[in-house]
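Participant: Predicted model and sequence follow; I will ask about them next.
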Amino acid sequence: MTRRAPGLLLVLSAPSGAGKTTLARRFVASRDDAHFSISVTTRAPRGVERDGVDYHFVSPERFGALIGQAAFAEWAEVHGQRYGTLRGAVDEALAAGRIAVFDIDVQGGAQLKALWPASAVAVFVLPPSMTELERRLRARSTDSDEVIARRLSAARSEIELGADQYDYIIVNDDLEVALLQLDAVVAHELARRAGDPERAAGAVVEGLQRGRLAVRPWLT
């Protein structure tokens, strides 16, 4: 009987505008064993976002009902809106032995890590600089100056938390390089869980050679 490989919960967090959603979607599109975990949110869709594809868009009342039903593995309020990860999505990913990619905030990432410490790996995505982050936020043309100022203030707090709590830090100044680094992180984690320390260490060394990847001391 073939033993199913353990599932992996890949948590990606970043300040708004750092490019984590684009990175997450590129990663999922490049692999057959990965899927994007769709979060539930009370905010309205932006641009071409679709319900059930980008997010599950719900009313504040529906979100509150889901909290009451203990349906969330984690949830948090960010910039005045609520976001949450359905517990069923986590259980399904682990049971299937797949890579579930979570595009969530620092609060949510910490909750997932606490609930599934053996299955979750957390990657914090940074912009090259605060100046570039502001440029990206303004280029989206979706937020007012007041909202952008709030996002930049929140970003500084999130960066401080992410630097301390997350397993890896990727600086997303080049999307292709960042994707290669994320591939290296996942290769390391899968090899480590499979009991292949030599391949695990090699994956991290490869990631370090590809650019600005910061790794905590998990080379075992």
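Facilitator: Yep, that arrived. Numbering: from 1, shown residues only.
Participant: what ranges of this protein fall below the confidence cut-off?
Facilitator: Within the chain, the stretches with pLDDT under 70 are 1-6, 129, 136, 140-143, 157, 160-163, 197, 199-220.
Participant: cutoff 50 now
Facilitator: 1-2, 211-212, 215-220 (pLDDT under 50).
Participant: would you list every one of the strands in it?
Facilitator: 8-13, 34-36, 40-41, 56-57, 72-78, 81-86, 99-103, 120-126, 168-171, 213-215 (DSSP state E).
Participant: What is the distance between the fifth one and the centre of its chain?
Facilitator: If you compare the mean C-alpha spot of strand 72-78 with that of the full chain, they lie 13 Å apart, counting by C-alpha atoms, centre = their mean, to the nearest Å.
Participant: And for the fourth one?
Facilitator: Centroid displacement of strand 56-57 relative to its chain, using C-alpha atoms, centre = their mean, is 18 Å.
Participant: packing partners for that strand?
Facilitator: Secondary-structure packing of strand 56-57 (3 or more C-beta pairs under 8 Å, 6 or more residues apart in numbering; DSSP states H and E): strand 40-41. Heads up, the C-betas are built off the backbone N, CA and C, glycines and all.
Participant: can you list the strands of the chain in TSV and add distance to R25 and mean neighbour count?
Facilitator: TSV is the format used below for the strands of the chain (distance: least, C-beta to C-beta, whole Å; neighbours: other C-beta atoms under 10 Å):
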stretch	distance to R25	mean neighbour count
strand 8-13	10	25
strand 34-36	7	17
strand 40-41	16	20
strand 56-57	16	16
strand 72-78	19	20
strand 81-86	17	21
strand 99-103	8	25
strand 120-126	13	25
strand 168-171	15	23
strand 213-215	20	18
